[in-house]
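In: Below is the sequence, then the predicted model.
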Amino acid sequence: MASEPSTTDQLHKQTLFKSVVYRIPALLYERESKTLLAFAEQRKTPKDESTEKLVMRTGKIKEGFSEKTVEWSELREVENALIKGYRPMNPCPVYDKVNNTLFLFFICVEDGITESDQKENYDNRTRLCYITSEDLGETWSDVTDLTDKLSEIKKWSTFAVGPGHGIQTESGRLIIPVYAYTHCKPSSKPYALSLYSNDHGNNWKFGELFKTLSVECEMAELSKDHIYCNARNENGYRVEAVSDDNGDNFKIFQPGDKLVETASGCQGSVISFPAQPETANTESDPSQNQNKWLLFTHPTNLKKRVKLGVYLNKSPRDPKAWSEPWIINDGPSGYSDLAYIDDGWFACLFECGQQKIYEQIASVVFHYKNVQEGIEKMSTN
């Protein structure tokens with residue numbers, strides 16, 4: 001087991017996707033093989049409607065004396081993630097540990113049609129798709145199109161999965177985060193919800209729409225049957241919610257004023273992880289569930305997508321318990337996705353650049369001790 005790093009200066013940023021435009025990172029860690037799977041959209045331009053294909057790289061975790069490093073494979077196209085006449089978008093992977101099967105969910109949007117076109121005309125041209133792999137992305141199944149099997153989709157102006165990762169709960173349920181624009185005149189309104197399977201991906205069902213406006217989202221399991229959701233918003237603060245029935249229905253928290261939203265909003269990532277041993281006295285409320293803590297990444301600036309921050313919450317049902325952010329990328333920073341490795345180690349995949357967020361997608365690996373030190377520095381500044 002690698003020993004813990006002593007300083008936050010050891011962060012090493014690796015560029016994974018660069019040269020043309022890559023956007024919308026998604027990250028998943030498969031524990032048995034110690035493999036990270038990184039996905040993204042390849043585009044002609046930064047515009048959503050220019051997306052051409054989904055691409056991926058796999059990373060093997062290497063143990064060092066005081067750190068973990070990642071050895072990444074060459075980039076390759078996810079060739080089966082497409083439907084003729086449509087562009088694939090929003091990669092959202094989830095891994096079924098029972099059947100050792102990787103699901104890659106994504107949406108397919110009709111060529112030439114924008115999200116705005118669909119919202120303004122109440123005309124859904126988006127399809128819900130997935131492919132599977134039993135060898136961690138070396139080979140893939142043909143596309144499964146769920147669109148016509150789920151009646152709710154007909155009631156929406158448009159929708160999308162994630163982007164980012166899905167989860168498998170203790171009970172074995174697979175959950176994919178979703179947001180949908182409903183037919184609300186004079187304009188379509190977005191609401192987050194879950195898509196889940198209780199039989200390892202044979203059948204899928206939607207949960208209930210959130211009761212408040214919410215867009216791109218990710219979910220994390222707090223304990224058995226208790227699911228946390230963190231969603232994009234446009235009203236200054238993130239939308240936080242919790243489900244006590246394994247992701248069917250969510251109760252919205254009052255904003256804790258800790259997780260600010262950036263201008264018109266930006267996707268963010270959240271994961272749960274085992275509570276870490278600490279020598280110092282904890283400020284956590286003993287009445288809160290202490291089995292799992294939360295980590296969240298998102299740009300920290302109120303006006304523009306810069307300064308990607310890592311936030312920690314040791315009392316996940318308390319939106320006021322979020323820490324100050326530890327900044328892991330100073331410059332332009334966009335969408336991100338987190339993965340918990342093990343032994344207090346994490347990986348983060350994120351959009352970044354010198355001038356624009358879409359110049360590259362990079363990854364970093366860090367330890368909980370890095371998070372502690374980074375937060376402490378922010379608190380004393």
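Out: Nice, I can see it.

In: Regarding the residue nearest in space to the middle of the chain, what is its secondary structure?
Out: The centroid of the chain falls nearest to Gly164 when counting by C-alpha atoms, centre = their mean (3.0 Å). Here Gly164 is coil, with the state taken from DSSP: H, G, I helix; E, B strand; the rest coil.

In: longest strand in the chain, by residue count?
Out: Ranked by number of residues, the top strand in the chain under DSSP state E is strand 326-340.

In: Run me through the strand neighbours of it, direction for each.
Out: Strand 326-340 has its sheet partners listed here by DSSP bridges as strand 306-313 (antiparallel), strand 345-352 (antiparallel).

In: Redo those strands as JSON lines? Include mean neighbour count.
Out: C-beta: built from backbone N, CA, C; applies to glycine. Below are those laid out as JSON lines (neighbours: other C-beta atoms under 10 Å):
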{"stretch": "strand 306-313", "mean neighbour count": "24"}
{"stretch": "strand 345-352", "mean neighbour count": "25"}
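
In: Tell me which of those sits nearest to Arg87.
Out: Nearest to Arg87 among these is strand 345-352 (18.8 Å), distances taken as C-beta to C-beta.

In: Can you check what angle separates whichever helix or strand comes after that closest one from strand 326-340?
Out: For strand 345-352, the succeeding helix or strand toward the C-terminus, using DSSP states H and E, is strand 360-367. With axes from the mean of the first three to the mean of the last three C-alpha atoms, to 10 degrees as the basis, strand 360-367 and strand 326-340 are set at 90 degrees to each other.

In: ok, strand 360-367: who's next to it in the sheet?
Out: Applying DSSP bridges, strand 360-367 is found paired with strand 14-17 (antiparallel), strand 345-352 (antiparallel).

In: what about Asn291, neighbour count?
Out: For Asn291, the neighbour count with other C-beta atoms under 10 Å is 14.

In: picking up where we left off before, between the strands paired with strand 360-367, which has the poorest mean confidence score?
Out: Lowest mean pLDDT within the strands paired with strand 360-367: strand 14-17, a mean of 93.

In: Would you mark the buried spots in that strand?
Out: Using 16 or more other C-beta atoms under 10 Å as the test for burial, strand 14-17 gives 16-17.

In: Using CSV, write out every CA atom in it.
Out: Written as CSV, here are the backbone C-alpha positions of strand 14-17 (Å, rounded to 0.1, in the frame of the first residue of the first chain):
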residue,chain,number,x,y,z
GLN,A,14,-1.8,14.5,-17.1
THR,A,15,-3.3,15.6,-20.4
LEU,A,16,-5.7,12.9,-21.7
PHE,A,17,-7.6,14.5,-24.6
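
In: tilt between the next helix or strand after that strand and strand 345-352?
Out: Heading C-terminal from strand 14-17, the first helix or strand you meet, by DSSP H and E, is strand 21-30. Going by the same axes, to 10 degrees, strand 21-30 is angled at 170 degrees with respect to strand 345-352.

In: so what strands line up beside strand 21-30?
Out: Here strand 21-30 is paired, per DSSP bridges, with strand 35-43 (antiparallel).

In: if we can go back for a sec, what's the closest of the strands paired with strand 360-367 to Leu308?
Out: strand 345-352 (5.7 Å).

In: export that closest one as PDB, just CAs?
Out: C-alpha atoms of strand 345-352 as PDB (Å, rounded to 0.1, in the frame of the first residue of the first chain):
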ATOM      1  CA  TRP A 345      -7.100   8.100  -3.000                       C
ATOM      2  CA  PHE A 346      -9.200   9.900  -5.700                       C
ATOM      3  CA  ALA A 347      -8.900  10.700  -9.400                       C
ATOM      4  CA  CYS A 348     -10.500  13.700 -11.200                       C
ATOM      5  CA  LEU A 349     -10.900  14.200 -14.900                       C
ATOM      6  CA  PHE A 350     -11.700  17.800 -16.000                       C
ATOM      7  CA  GLU A 351     -11.800  20.300 -18.800                       C
ATOM      8  CA  CYS A 352      -9.100  23.000 -18.700                       C
END
